[in-house]
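> Here is a sequence with its predicted model. Questions after.
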Amino acid sequence: MAKSSLILSQSPKIKILTFTDITTLYMIQFKKALNDLWLYKSRSMIVILAIVLGVAGLGTVITAYAILQSDLNTNYLNTNPASATLITKESLSLELTQKLAQLPYIEAAELRKKISGRLQVRPNKWIPLLLFVVNDFQEMRIATFKLQNGHWPGLGEMVIERDAARFLRQNQQSNLSIRLRGGKKQTLKVVGQVHDPGQAPARMEHLVYGYISSATYAQLSQQNASKLNVLQIRVAQNKNSKTHIRKSVSKLKALLAQYRKMVIYTYIPTPNQHPHQWQVNALLLLIGSIGLLAFVLSSVLVANIVSFLISQQIQQIGVMKALGASRYQVVRLYYLVVFILAVIALFFAIPFSVAAGKSFSQFTALQLNFDIFTQTTPYWVYLVLVGLGLLFPLLVATVPILKGTRLTVREAMRHYGLHNQATKFNFFIDQWVRLSAITRLALRNAFRQRWRPILTIATLALGFALYMVSLNVRQSLHYLIDSAADSKNYDLSYRLTQWHDRHILVKALKGVEGIKKVTSCKTTQAKIQLANRTTSNAIGLVVPKAHDSTLKLPIVEGSWLNNQTPNQLVINGRVQVLFPHLQIGSKVKLMVHEQIVDVVITGIVKEFSSETLYISETTYNRLFGQKELVNQVFIALKNPPKEPSKGFWQWMRRLHGNASNTHKHTPDLLKLNQKIEQHWQTAGVEVAGASVKKAELGMVKAHLNILTFMVLAGALLALVVGGLSLVLTIRLNIVERTREIGVMRAIGASVKMVFKMLWIENLLLGSISIVIGALLSFPLGMIISRFLGNLMFETPLDYKISILGSFSTILIMWVFLRIALALPRRHLKKVSLRKALVWE
């Protein structure tokens, strides 16, 4: 008993730590972490910069998504969009519309009308005009729009959509000359601007939206004001069900048939969703994916700096453990280093991300013509950015921290730094590579630390791959546009209000200089009869002239029209997307001019346009006559107009509504267009619309380049992060090998020789990165090209390689190497031989 008491009295007492003790302990660890970061402040700044770039890229997209996902649809839903739009062959009365609105499955019904025409923007320059006729602007309940300024139009007045007003630059109280199809030149007074989020942006469609009263329509068309034939409805129940809307529309069609009203066109949009919502979401997903990759790459740099820090402090870790520190305490110390790096980076990255996301949202809103309602960034955006910015670097740093802190005290105290193991790779270099000694040494040193060069190559290769993909995708998009231009051998295109004899059209232009060739064709509309004996909506039908090379559309499958074989049909890819069951050899019933025509699909063409059908002139003339009558004319010029400037800022000015850029043509072209229309007017021919092929394609390129610029910006972000990885790797390698470099200098190596070794060593890393990046760019590029092609054109893009991308990648790598080795070279010159030999 006495012995037991003696043992207990001699056993150490367990001290319970107070709050002050715990605080002091954490402060010591915090100071240690700060001292470590300050000791290697230049490397720490590189890591912080990389995290800032990574979080900024990802945060910009997350912020933009939070704003656009809500506000784009809110703009659209505020208009109370129509569940369906029906166009009838005959006009509808207000009394019938009121009866339809009282049906139990119809919540509201309204009458509208659309009229196409042309608007004069300057002498001899006309652009397409789409007029909407509204019965009562004060009582709109479906597809509403808001007055931005001015007042609702009365007789002889109109309001225009604000997006069109941006590039027209018309005063609120100004007169505009218009010409309706088949009518004479008339003047309407602009009395205000409206915002109609339900319409596609006017600048993208290259037309002007105008809104007039039914009385003004009667004055312009010399017809009864009540002759409106566009019926817009809202269903009463299940408004988000497209199936229910279809059933309601079917009932409505049957009821209209009882009133002898035939529906010739039906449009049912995705219920309560903006038409561009899915495109915006898809593009944000693409750009966000690139931003996420940049963020992941930035976190890899954290692993590099932590691995370096631990490798420099192995003996310190041994001392801490010898003095009683547990592995958990040592691990916590290095986690604290990562945490401090992440907090400093987030301090700069989050404000920038939110500001950039809001700016991107404003830019997108300007392009798609909607308003931003969100003034305060949602809290979840900050939570996501803080969570990712803190947790992911800590997660990435876990492997080097656990690996570096698992050493025992004995192993840590015996650690003496880097060592050169005999490997098969080193043996191969020494025995078989016939190069200078300094070159062989550089090749051996390149992979001396196994994981650091691998991580560097991975980050840099992915950055190079994304950069090359962005330029290759741009090249693929331009190839699509250029192919569309090459497939149509004309410069000017004219739509006529009526059918005219092609010989009269050509004869009328004989006195016009500058014309190389005049060709023409028939265009009309057709419907495809479906299995249930209903017909599709109207699709464009083109009847090209026999043996004419104006249209040289690329054949995807089958063959082009053969005038010797009757009843052939060629469709473009968009028709096949709309009707997937249509294949080569499919028998189709077409309704053309109220007559059913049996045809067989013999070809599918790739075309940059809307859904279009093609039948031979022989077949059309045999069925409908009108052998020499045409309503579309193509003119090839002796001196074709040049494509508009491809400068990025010129595109930006166009997209922000600069009319001089949007509608500018050369004076010679304007004069030529004026002469053509004057000669035809003398011959009794009226033009419904005119277009310049290269101007139209130039506008398409402008919009596509905005998209590719966004993708390129994300790719450059990833590439810069990859470059920072290379810079950090070089800095860490030189610091670790300072004593080794001192020994080399002591035995006669000059600074120039040492620098040459470092240059070769990192040139090898950069070259491997380019090769791997180029290999990665092929599958990535094909996936993104297919994605963007299906997103915008409903057909995959032909993937093309950008020569600029290939050569600029090599140049960028050279710049990275020069920047990365600039400071180390000064460090080598600055550190004396004595300091290098005693370096720890």
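Here it is on my side, so go on.
> Please point out which parts of stretch 683-694 sit buried.
685, 686, 687, 688, 689, 690, 692, 693, 694 (16 or more other C-beta atoms under 10 Å). Yep, even glycine has a C-beta here, placed from its N, CA and C like the rest.
> Quick check: chain neighbours aside, which residue is closest to residue 540?
residue 612 (4.7 Å; C-beta to C-beta, 6 or more residues apart in numbering).
> swap in residue 298?
In space, residue 298 is closest to residue 54, 3.1 Å off (C-beta to C-beta, 6+ apart).
> these two touch, right, the residue nearest to residue 540 and residue 542?
Yes. Using C-beta atoms under 8 Å, residue 612 is in contact with residue 542, at 6.0 Å.
> Please identify which of the buried residues of stretch 683-694 is nearest to residue 455.
Proximity of these to residue 455 (C-beta to C-beta) peaks at residue 694, which lies at 48.1 Å.
> In three-state terms, label that closest one for me.
Classification of residue 694 using DSSP: H, G, I helix; E, B strand; the rest coil returns helix.
> quick revisit: tally of neighbours for the residue nearest to residue 298?
For residue 54, the count of nearby residues is 32 (other C-beta atoms under 10 Å).
> close enough to count as contact, it and residue 302?
No. Judged on C-beta under 8 Å, residue 54 makes no contact with residue 302 at a distance of 10.1 Å.
> what touches both of the two?
With C-beta atoms under 8 Å, 6 or more residues apart in numbering applied, the contact sets of residue 54 and residue 302 do not overlap.
> so residue 527 sits in a strand?
Yes. Under three-state DSSP, residue 527 falls within a strand.
> Can you report phi and psi for residue 725?
Per-residue torsions, residue 725: phi -60, psi -40 (degrees, to the nearest 10).
> my guess is residue 600 is in a strand, correct?
Yes. Counting by three-state DSSP, residue 600 is found in a strand.
> where does the residue nearest the centre of the chain land on pLDDT?
The centre of the chain sits closest to residue 707, judged by C-alpha atoms, centre = their mean, with a distance of 4.0 Å. pLDDT recorded at residue 707 is 77.
> does it belong to a helix or a strand, and which?
Using DSSP states H and E, residue 707 maps to helix 693-736.
> Which strands and helices lie in contact with that helix?
Using 3 or more C-beta pairs under 8 Å, 6 or more residues apart in numbering; DSSP states H and E, the elements in contact with helix 693-736 are helix 41-77, helix 277-312, helix 451-486, helix 648-655, helix 751-792, helix 803-830.
> If we use 6 Å, what do you get?
helix 41-77, helix 277-312, helix 451-486, helix 648-655, helix 803-830 (3 or more C-beta pairs under 6 Å, 6 or more residues apart in numbering; DSSP states H and E).
> how much distance is there from the last one to the middle of the chain?
Put plainly, it is helix 803-830. Distance of helix 803-830 from the chain centroid (C-alpha atoms, centre = their mean, to the nearest Å) equals 30 Å.
> cool, and the longest one?
The gap between where helix 41-77 is centred and where its chain is centred comes out at 16 Å by C-alpha atoms, centre = their mean.
> Would you indicate which residues of it are buried?
43-44, 46-68, 71-76.
> Could you list which residues are in contact with the closest residue to residue 768 other than its chain neighbours?
With sequence-adjacent residues excluded and distances taken as C-beta to C-beta, 6+ apart, residue 768 is closest to residue 457, at 5.4 Å. Applying C-beta atoms under 6 Å, 6 or more residues apart in numbering to residue 457 gives the contacts 765, 768, 769.
> Of those, keep whichever come out buried.
The neighbour count (16+ other C-beta under 10 Å) marks 765, 768, 769 as buried among these.
> just these now: which is nearest residue 272?
Residue 272 lies nearest to residue 769 out of the buried ones among the contacts of residue 457, by C-beta to C-beta, at 47.8 Å.
> Apart from its chain neighbours, what residue comes closest to that closest one?
Using C-beta to C-beta, 6+ apart and skipping the chain neighbours, the partner closest in space to residue 769 is residue 460 (3.9 Å).
> before we move on, what about residue 91?
Per C-beta to C-beta, 6+ apart, closest to residue 91 is residue 227, 3.9 Å.
> what pLDDT does that neighbour get?
So, for residue 227, pLDDT stands at 73.
> how far away is it from residue 113?
8 Å (C-beta to C-beta, to the nearest Å).
> Then residue 696?
Per C-beta to C-beta, residue 696 is found 27 Å from residue 113.
> neighbour count winner among those two?
In this view residue 696 and residue 113 are compared by other C-beta under 10 Å, and residue 113 has more residues nearby, 20 against 15.
> Excluding chain neighbours, give the residue nearest to that one in space.
Spatial nearest neighbour of residue 113, excluding adjacent residues (C-beta to C-beta, 6+ apart): residue 133 at 4.0 Å.
> about what we covered before: which one of the contacts of residue 457 is nearest residue 214?
Once C-beta to C-beta is applied, the member of these that ends up nearest residue 214 is residue 769, at 67.2 Å.
> give me the element residue 118 is part of.
Element membership for residue 118 (DSSP H and E) is strand 106-122.
> in that strand, what's buried?
The neighbour-count check on strand 106-122 (16+ other C-beta under 10 Å) flags 106-113, 115, 117-121 as buried.
> next one: stretch 584-596
Buried-residue list, stretch 584-596, by 16+ other C-beta under 10 Å: 588, 590, 591, 592.
> what's the offset of that stretch from the middle of its chain?
With C-alpha atoms, centre = their mean, you get 38 Å for stretch 584-596.
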